[in-house]
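In: Okay, predicted coordinates and the sequence, questions at the end:
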Amino acid sequence: MEKINSLQNAHVKGWKKLQTKKGRKQQGQYLLDGWHLVNEAVKAHVAIRTLLITAKQLATEPDLTQFPAVIEISEEVASHISATVTPQGVFAVVNLPKAAADPLANLDLTRPWLLLDNVQDPGNIGTMVRTADAAGFAGVAFGTGTVDIHQPKVERSMQGSQFHLQLISTDLGELVARFHAEDKPVYGSELNPEAAQYLDIDAPASFGLIMGNEGNGMSDVLLAQTDKNLYIPIKGRAESLNVAIAAGILMFGLYR
């Protein structure tokens, strides 16, 4: 088994660059950090190129024959390539999915989709993807301005749900047009007097739900393209809800 201890190693420098969108695009790879994500990828039959593992983790997992290549790395290397403060000491190098010529060509439109408009916080994104998974949604669309699907903090916060539904990066206006072409409604989320209370909506089996930026909400362009814009009635004195909490309420409330 190959062993790498130096931060100056060319492989280590390449793995470190996978923390950036540019590095991921250049190498055509991304990094999964921790046993949970690695095991979820294995269960989803995601092709893993290389497993990176520290001696401490290797001692607890002697049988790694399911992985095509295994490299032992030092604790120092593990800390260097991880986006976490205390890495577990196991990583998987995975090929980026091949970009489809038309990302809207093979969508499952028999169930709802969550559309993210300029959502910036990786934790919010991960929570919304996991909730969409739990609510039975078909997929999540990452629109313009939304953090990259394979950003390390986003990958980690999705906790494996990224392997359970469809994730695409696309222009949300085009996706909304696709829903409308198939006679499926698209709902927005907005706090204003003209919005409808979500409890009054009898949603069909398939629809789109757009959640906007944490501070500014949805773009005006998308608000004008939705069939209805919805709000959640607040009974207490809080001014607003976190976008991930609001998304969870709307997803489970509409898809019932």
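Out: Perfect, I can see it now.
In: Now residue 36: closest residue in space, sequence neighbours ignored.
Out: residue 160 (6.4 Å; CB to CB, 6 or more residues apart in numbering). For glycine as for every other residue, the C-beta is placed from the backbone atoms N, C-alpha and C.
In: Give the full set of residues in contact with that neighbour.
Out: Residues in contact with residue 160 (CB atoms under 8 Å, 6 or more residues apart in numbering) are 36, 37, 40, 41.
In: where do the helices sit along the stretch 101-250 of the chain?
Out: Listed in chain order, the helices found in the stretch 101-250 of the chain under DSSP state H, counting those that start in this stretch are 122-135, 152-158, 172-181, 220-223, 243-254.
In: From residue 256, how far off is the residue nearest the centre of the chain?
Out: By CA atoms, centre = their mean, the chain has its centre lying nearest to residue 149, at 4.8 Å. To residue 256, residue 149 is 28 Å away according to CB to CB, to the nearest Å.
In: Check residue 58 too.
Out: Counting by CB to CB, the separation of residue 58 from residue 256 is 47 Å.
In: which of the two has more neighbours?
Out: Higher neighbour count among residue 58 and residue 256: residue 58, with 17 against 9, using other CB atoms under 10 Å.
In: Next, that one: phi, psi?
Out: Phi and psi for residue 58, reported as degrees, to the nearest 10, are phi -60, psi -30.
In: quick one: contacts for it?
Out: Applying CB under 8 Å, 6+ apart to residue 58 gives the contacts 64, 72.
In: returning to what we had before: from the contacts of residue 160, pick the one nearest residue 251.
Out: residue 40 (21.1 Å; CB to CB).
In: pLDDT value on the closest one, please?
Out: In this model, residue 40 is scored at 96, pLDDT.
In: Can you tell me the element it falls in?
Out: helix 35-43 (DSSP states H and E).
In: Who wins on neighbours among the contacts of residue 160?
Out: Top of those by neighbour count (other CB under 10 Å): residue 37, with 24 neighbours.
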